[in-house]
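Participant: okay, sequence plus prediction incoming.
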Amino acid sequence: MFLGIYGSGGSGREVKDMADMLGRWEQVVFIDDMMECGLYRGTKRMPFEDFCRNYGTENTEMVIALGEPEYKIRLYHKVREKGYRFVTIVHPTSWISPTAKLGHGVIVKAKVVISCDVEIGDNVGIEPLVSVGHDCVIRENCQISSGVLIGGRSKIGAGTYIGMNVPIK
């Protein structure tokens, strides 16, 4: 099984570290339409069209490691149109309640707490040290920055970006 990480910036490199720790994929590849092809920090990097020619949909999982919701949305649709499936990646130091529901392509980084009966939509990025209280709903294509505290029963709309250290109730 292969993992395609769309984005080779800071978030993409963090996801690559997580993927290496989890050890689930035989190969991890960065997808980046704006940067030079070749090896980047020991990992293949290529534009999406090259990736599609080299990696089939049947044995590849994908995540989008970008922070800007507008770009996350565009790339999510672009990848789905080609038939790739999204995988959710959770850092091993995070805790997620067994009653929480996470969508496809969710990235949960280090030391995140997601409480009971939380619903998180597809293609959401959650940075380190975030706490999501009980019964919250976070819609698709959101980006939650480091240190955010989301109080119980809060609702976050689709395509929302929440900056660092913001408390929400």
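Facilitator: Done, it's in.
Participant: read off the pLDDT value for the residue located most distally from the centre of the chain.
Facilitator: Relative to the centre of the chain, the most outlying C-alpha is that of residue 169, 23.7 Å out, by Cα atoms, centre = their mean. Per-residue confidence (pLDDT) for residue 169: 93.
Participant: for the nearest residue to residue 44 once chain neighbours are set aside, give me its contacts.
Facilitator: The shortest distance from residue 44 to any residue that is not its chain neighbour, by Cβ to Cβ, 6 or more residues apart in numbering, is 4.8 Å, and that residue is residue 29. Every residue, glycine included, has its C-beta placed from N, CA and C. Contact analysis of residue 29 by Cβ atoms under 8 Å, 6 or more residues apart in numbering lists 2, 3, 4, 5, 43, 44, 45, 46, 51, 55.
Participant: which of these fall within helices?
Facilitator: When helices are assigned by DSSP state H, the members of those inside them are residue 51.
Participant: mind listing what residue 147 touches?
Facilitator: Residue 147 is in contact with 127, 129, 130, 164, 165, 166, counting by Cβ under 8 Å, 6+ apart.
Participant: what sits against the second one?
Facilitator: Right, residue 129. Residues near residue 129 by Cβ under 8 Å, 6+ apart: 110, 111, 112, 146, 147.
Participant: how about 10 Å then?
Facilitator: By Cβ atoms under 10 Å, 6 or more residues apart in numbering, the contact list for residue 129 reads 94, 109-113, 145-149, 164-165.
Participant: same deal with residue 114?
Facilitator: Residue 114 sits next to 90, 94-97, 99-102, 106, 108, 120, 126, 130-134, 136, 138, 150 when contact means Cβ under 10 Å, 6+ apart.
Participant: cutoff 6 Å now
Facilitator: For residue 114, the contacting residues are 96, 100, 132, taking Cβ atoms under 6 Å, 6 or more residues apart in numbering as the criterion.
Participant: who does the nearest residue to residue 37 once chain neighbours are set aside bridge with?
Facilitator: Distances taken as Cβ to Cβ, 6+ apart place residue 46 nearest to residue 37, at 5.0 Å, with adjacent residues excluded. Beta-bridge pairing of residue 46 under DSSP bridges involves residue 31.
Participant: need the contact partners of the helix-or-strand element of the chain with minimal mean pLDDT.
Facilitator: One helix or strand of the chain scores below all others by mean pLDDT, DSSP states H and E: strand 38-40, with a mean of 95. Surrounding strand 38-40, the residues in contact under the criterion Cβ under 6 Å, 6+ apart are 8, 30.
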